[in-house]
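# Test case, fold it:
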Amino acid sequence: MTFKNKVVWITGASSGIGKSLAMELSKQECKLILSSRNKDQLLEVQKKCKNSENIKILVFDLAHYANMESVFEDALKLFGRVDVLINNGGISQRSAIIETSIEVDKKLMEIDYLGTVALSKAILPHFVDNQNGHYVVVSSIMGKFSSPYRSAYCGAKHALHGFFDALRMEHDKDQIKVTMICPGFVNTNVARNALTADGSKQGEQDSMTENGLQVDVFVKRMLKAIRKEKYEVYIGKKEVLGVYLKRFFPKLLHRLVLKSRVN
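So this is what the prediction gives:
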């Protein structure tokens, strides 16, 4: 797979992984649609990209998942088609289950799961008509195993795997690809923006995130996996070993995660 002459749509493109993706892909011969809730930040990203004339901005909120068909119609007007949808938008969470308002769980599911699913369903007939299309979903290693103080986030990410594994099988006949990207710790603002028990932002970095992969290193590995049309890939440092421990030694993983005191 190559990005040359493709139209690539990136959600969550105003910062972090999405911003780095936009900057890296802008060096290649493709067209980009950049989306998030923040128009000013998207315009700043566009300015920092190469070949900005091949980049369009589309502002929308994943939380408004009932509107995704009209969002897709707006996207289609920009370049006439979409070849790759990179579902990168979302939020995280840091709080104990017993203290966390159900409204926080609801918000995580609305944004990280329902918004992503609704947008992906809106674009699906387009992919089927073209007998071509590639979904890239930025999940997390927390979509494969869980960790304390991330219950709502883990639940939403686990749900994404269930949905997109089914989509991949149902539409294999339509030449539609699905790549699940599972980051470990990446040095972005995800922890600062994570919701706490009452729905407010954490507002500070945590050491595990700060010591994670640099975002440009992560993005290069991510793009390599997309080109290879991988079904699922885990990108990080030693924390990705947890995926395999969960599969073969779940009790050992349980003890190691508790010992690490990740929060």
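
# which stretches of the protein have low pLDDT?
Along the chain, the parts satisfying pLDDT under 70 run over 261-263.

# show me the biggest helix of it in terms of residues.
Determined from DSSP state H, the single longest helix within the chain is helix 151-170.

# Identify each buried residue in that helix, please.
151-161, 163-164, 167-168 (16 or more other Cβ atoms under 10 Å). Every C-beta, even on glycine, is put in place using the N, C-alpha and C of the backbone.

# For Val82, give its distance to Tyr135.
For Val82, the distance to Tyr135 (Cβ to Cβ, to the nearest Å) stands at 11 Å.

# Then Val117?
Counting by Cβ to Cβ, the gap from Val117 to Tyr135 is 11 Å.

# So those two - more neighbours on which side?
Per other Cβ atoms under 10 Å, whichever of Val117 and Tyr135 has more neighbours is Tyr135, with 23 against 19.

# Find the residue closest to the more buried one in space, skipping its chain neighbours.
Val178 (4.7 Å; Cβ to Cβ, 6 or more residues apart in numbering).

# helix/strand/coil for the one you found?
At Val178 the chain is in strand, as set by DSSP: H, G, I helix; E, B strand; the rest coil.

# cool, Glu229 as well?
With three-state DSSP as the criterion, Glu229 reads coil.

# contacting residues around it?
By Cβ atoms under 8 Å, 6 or more residues apart in numbering, the residues touching Glu229 are Met1, His134, Lys177, Thr179.

# sorry, back to before: which one among the buried residues of helix 151-170 gets closest to Arg94?
Tyr153 (8.4 Å; Cβ to Cβ).

# looking at it, the closest one is touching Ser140, isn't it?
Yes. Between Tyr153 and Ser140 there is a contact under Cβ atoms under 8 Å: 7.4 Å.

# the helices in the protein, which residues?
Under DSSP H, the chain gives helices at 16-25, 39-48, 68-79, 102-108, 116-130, 151-170, 207-210, 215-227, 241-248, 250-260.

# Pro183 is in contact with Ile17, isn't it?
Yes. Contact status for Pro183 versus Ile17: in contact at 7.3 Å, counting by Cβ under 8 Å.

# higher neighbour count, these two?
Ranked by neighbour count (other Cβ under 10 Å), Pro183 and Ile17 place Pro183 first, with 26 against 22.

# quick one: that one and Val71, what's the gap?
25 Å.

# go on, Ser207?
For Ser207 relative to Val71 (Cβ to Cβ), the value is 37 Å.
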